[in-house]
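K.L.:
Sequence and predicted model, in that order:
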Amino acid sequence: MRAYVLGFLLSMAVATAQSAKTEIPRLYDGKPDLNGVWDIPYTNDMGRGVPGGLPFTPLGAEDFKNYDPSKFDYTGHCLPAGLTRLVNTPMPMEILQTPKKSVFLFEGFSSYIVVPTDGRKHTKDPDPTWYGESIGWYEGDTLVVDSIGFNEKTRLDTIGHGHSDQLHVIQRYTRIDPKTLAFEITVEDPKMYTKPFTNKRTFRMNPGELMEYSCMENNKDLTAGHIK
């Protein structure tokens, strides 16, 4: 009798685990289905939620202290936002998955990032760009996006935390139910920060579509001289 009860409980546990695993939408190959439009929580300060604040190096602290967006804000001049500021915007993002790549479309700044998931590695010395070089892979039900090769022309967030050309960003996207994505982003930059730091957020499914974004339309930062 005892063995029967134990076997019954074990089978119930297995069934429950299998049910939980199939609860999220999946693609034909079993990978989690991340397709859709997702609302992004606006994060203007990546230091929030980091115990003790961001771990600046002396260079990083000095850079942030001297940052003055009234003198020059590159996004106000419609230059590319940079990877971390894209995933910090209050505007939605759409994910398109294929077997060999995932494409991230951002309403903000009308930007996109293509992430190969075909097993390739980073190039040895990528040319520095606004959004860096990204590659991806799956760890269970999590899509991991690893990005390097950034130029030094952007900021991590709206309030202006800086980074260098040694910036290394890892994002993790995990679909936890039909309407929710768990998101985690880790920033590493030994020039500007003494150790990596991580932000965690939750993205919710948006039933709508991405809208047109025109940086120059009614841009008072430029037309009314808000920034110089």
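P.N.:
On my side now, so go ahead.
K.L.:
pLDDT weak spots in the protein?
P.N.:
In the predicted model of the chain, residues 1-22, 225-228 satisfy pLDDT under 70.
K.L.:
how about the helices in it?
P.N.:
2-21, 58-65, 83-86, 220-223 (DSSP state H).
K.L.:
quick check, distance from the third one to the centre of its chain.
P.N.:
Average the C-alpha atoms of helix 83-86, do the same for its chain, and the two points are 7 Å apart (Cα atoms, centre = their mean, to the nearest Å).
K.L.:
Can you name every helix or strand that that helix contacts?
P.N.:
Using 3 or more Cβ pairs under 8 Å, 6 or more residues apart in numbering; DSSP states H and E as the contact test, the elements touching helix 83-86 are strand 111-116. In this view, the C-beta of every residue, glycine as well, is placed from N, C-alpha and C.
K.L.:
Could you spell out the sheet neighbours of the strand it packs on, each with its direction?
P.N.:
Within its sheet, strand 111-116 is paired with strand 101-106 (antiparallel), according to DSSP bridges.
K.L.:
buried stuff in the strand it pairs with?
P.N.:
Neighbour-count burial for strand 101-106, with 16 or more other Cβ atoms under 10 Å as criterion, is recorded at 102, 104, 106.
K.L.:
Specify which member of the residues you listed is nearest to residue 132.
P.N.:
Closest to residue 132 out of those is residue 104 (12.6 Å), distances taken as Cβ to Cβ.
K.L.:
Do I have it right that that closest one meets residue 112?
P.N.:
Yes - counting by Cβ atoms under 8 Å, residue 104 touches residue 112, with 6.4 Å between them.
K.L.:
ok, the residue nearest to the spatial centre of the chain to residue 156 distance?
P.N.:
Taking Cα atoms, centre = their mean, the centroid of the chain lies closest to residue 87, which sits 4.6 Å from it. Computed as Cβ to Cβ, to the nearest Å, the residue 87 to residue 156 distance reads 10 Å.
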